[in-house]
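S.K.: A structural model of the following input is requested.
(one chain, ligands or ions: 2)
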Amino acid sequence: MLTFYSEDSRLRQARTELHDGALVTPFECPERLDLVLKHLRQSGLGDIRTPSAYGLAPVLAVHDKEYVTFLANCWQAWGAAGHKGEAIPNIWPARTMRSDRIPRSISGQLGYYALAAETSISEGTFEAAMASKDVALGALEHTLKTGEPSFGLCRPPGHHAAYDQFGGYCFFNNAAIAAQRALEAGKRRVAILDVDFHHGNGTQQIFYQRDDVLFISLHGDPEVTFPYYLGYADENGEGRGEGFNVNYPLPPGTSVATWMATLEQALATIEAAECELLIVSLGVDIFEGDPISAFTFTSADFTVLGQRLAQAGLPCVFLMEGGYAVDAIGVNVVNVLQGFEQ
Ligand SMILES: NCCCNCCCCCC(O)(O)C(F)(F)F
Ligand SMILES: [Zn+2]
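M.R.: Ligands and ions are numbered 1, 2, ... in the order given. Predicted structure coming up:
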């Protein structure tokens, strides 16, 4: 299996994350890449390739133009406005405010486009997000061309990024950009299976009214898990999209047996929908040792996950999402990919 990866992913060097009332070193750190690359190289899984630059068109196929322009300019505008630290929102168009207009102030724009306050914008963030979607597109193009599975070592991740919103460490929705490209290349329906501990609210939102992408997510119950305000079981799609969005919220501490039984339901839905490509939003924060999550996978369970996904019998693109137990992230990611190929 080929891996696609870009050194430009390292351009995102955020120094702060708002966590537990303090500014801490971000959980989504560049060292995550080092450990995955180390274990990929040790595993002999396959070559690691740098993708082409696909430009802005694939981004604009799923994201709002003004939002993309905001991301491109935010860091410079933030500094020009005299702010000294990293760009972190502290006000939003919250429930009692209006959100039908965007303020001129960069502070107002930051809150307008932000999902949450844990994700700073700083130098290199935009460039890293552009590299990350190129990684996803490189992996996708390889799978479209060869039918072989591929892995996009995406950083920053993408599944919390909505049409015009960033947050949860995400800026461009890599999985959505890849799915849209696959449809434009002739696939009639694409399944996005999100196994990350956190609900892929952005991916859901982008495709919520569409029947050409089936979005299925297993995740920590939003009653008690980020992103809290989306990911409930009653969210089944709208209009043409009715029935093409399936959420499986699961309580903290869910056993692997229960998680795997839920996966069976997800895979049956994917099969019934006659999807022609499977994109897996691969978050390995479902690992028992993850510092910000609450599921119970052991490293060996990731191998079983890969084996089971292979039985779906679809061309498959794995795209890196979350996973913060940095010491184990390489083993856990490679176990999924090797399990798939067994
Ligand atoms: N400050 C720690 C509390 C958690 N708050 C933010 C959680 C973001 C999760 C991101 C992710 O793992 O879902 C992704 F795949 F997108 F990276
Ligand atoms: Zn996650």
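S.K.: Excluding covalently adjacent residues, which one is nearest to Met320?
M.R.: Of all residues not flanking Met320 in the chain, Cys154 sits nearest, at 4.5 Å (Cβ to Cβ, 6 or more residues apart in numbering). Where you see a C-beta, it was placed from the backbone N, CA and C, and this is true even at glycine.
S.K.: per-residue confidence for that neighbour?
M.R.: The model reports Cys154 with a pLDDT of 99.
S.K.: Repeat that for His160.
M.R.: We have a pLDDT of 99 for His160.
S.K.: contacting residues around it?
M.R.: Going by Cβ atoms under 8 Å, 6 or more residues apart in numbering, His160 touches 115, 166-170, 198, 200-202, 227.
S.K.: Ligand 2: which of the residues you listed is nearest?
M.R.: His198 (3.6 Å; Cβ to the ion).
S.K.: May I have the distance across stretch 169-180, first residue to last?
M.R.: Taking Cα to Cα, to the nearest Å as the measure, stretch 169-180 stretches 22 Å from start to finish.
S.K.: right, is that stretch up against ligand 2?
M.R.: No - using Cβ under 5 Å from the ion, we find that stretch 169-180 stays clear of ligand 2, coming within 8.2 Å at best.
S.K.: average pLDDT for that stretch?
M.R.: 99.
S.K.: on that earlier part again, by neighbour count, which of the contacts of His160 wins?
M.R.: Using other Cβ atoms under 10 Å as the neighbour criterion, Gly200 leads these with 35 neighbours.
S.K.: Ramachandran angles for that one?
M.R.: Main-chain torsions, Gly200, degrees, to the nearest 10: phi -80, psi 70.
S.K.: Would you mind measuring from it to Ser281?
M.R.: Per Cβ to Cβ, to the nearest Å, Gly200 is found 6 Å from Ser281.
S.K.: Now do the shared contacts for the two.
M.R.: Contacts common to Gly200 and Ser281, judged by Cβ under 8 Å, 6+ apart, are 159, 175, 192, 194, 217, 321.
S.K.: what's across from the fifth one in the sheet?
M.R.: Applying DSSP bridges to Ser217 yields these beta-bridge partners: Asp194, Asn247.
S.K.: Run through the residues of the stretch 201-342 of the chain sitting next to ligand 1.
M.R.: Residues of the stretch 201-342 of the chain found near ligand 1 (Cβ under 6 Å from any ligand atom) are 226, 283, 285, 292, 321-322.
S.K.: Name the member of those with the most neighbours.
M.R.: Of all those, Glu321 has the most neighbours under the rule other Cβ under 10 Å, reaching 30 neighbours.
S.K.: list the contacts for the nearest residue to it once chain neighbours are set aside?
M.R.: Excluding its sequence neighbours, the residue lying closest to Glu321 (Cβ to Cβ, 6+ apart) is Gly283, at 3.8 Å. By Cβ under 8 Å, 6+ apart, the residues touching Gly283 are 157, 159, 194-198, 321-323.
S.K.: Skip ahead from the helix or strand harbouring Val36 and say which helix or strand is next.
M.R.: Using DSSP states H and E, Val36 sits in helix 31-43. Downstream of helix 31-43, the next assigned helix or strand under DSSP H and E is strand 48-49.
S.K.: Residues of the stretch 201-342 of the chain that sit close to ligand 2?
M.R.: Residues of the stretch 201-342 of the chain lying near ligand 2 (Cβ under 5 Å from the ion): 283, 285, 322.
S.K.: out of those, who's nearest Cys74?
M.R.: Nearest to Cys74 among those, counting by Cβ to Cβ, is Gly322 at 22.8 Å.
S.K.: quick one: the closest one and Glu28 touch, right?
M.R.: Yes - applying Cβ atoms under 8 Å, one finds Gly322 in contact with Glu28, separated by 7.5 Å.
S.K.: who are the neighbours in contact with the nearest residue to Asp301 once chain neighbours are set aside?
M.R.: With sequence-adjacent residues excluded and distances taken as Cβ to Cβ, 6+ apart, Asp301 is closest to Val256, at 5.0 Å. Shown in contact with Val256 (Cβ under 8 Å, 6+ apart): 296-298, 301.
S.K.: Around Ala273, how many other residues sit close by?
M.R.: Burial measure for Ala273: 17 neighbouring residues, criterion other Cβ under 10 Å.
S.K.: ok, and what's touching the helix holding Val36?
M.R.: 3, 5, 9-10, 48, 153, 155, 320, 323-324, 326-327, 329-331, 333-334, 337-338.
S.K.: if you look at the residues you listed, which of them are in strands?
M.R.: Here DSSP state E is the test, and those give 3, 48, 320 as lying in strands.
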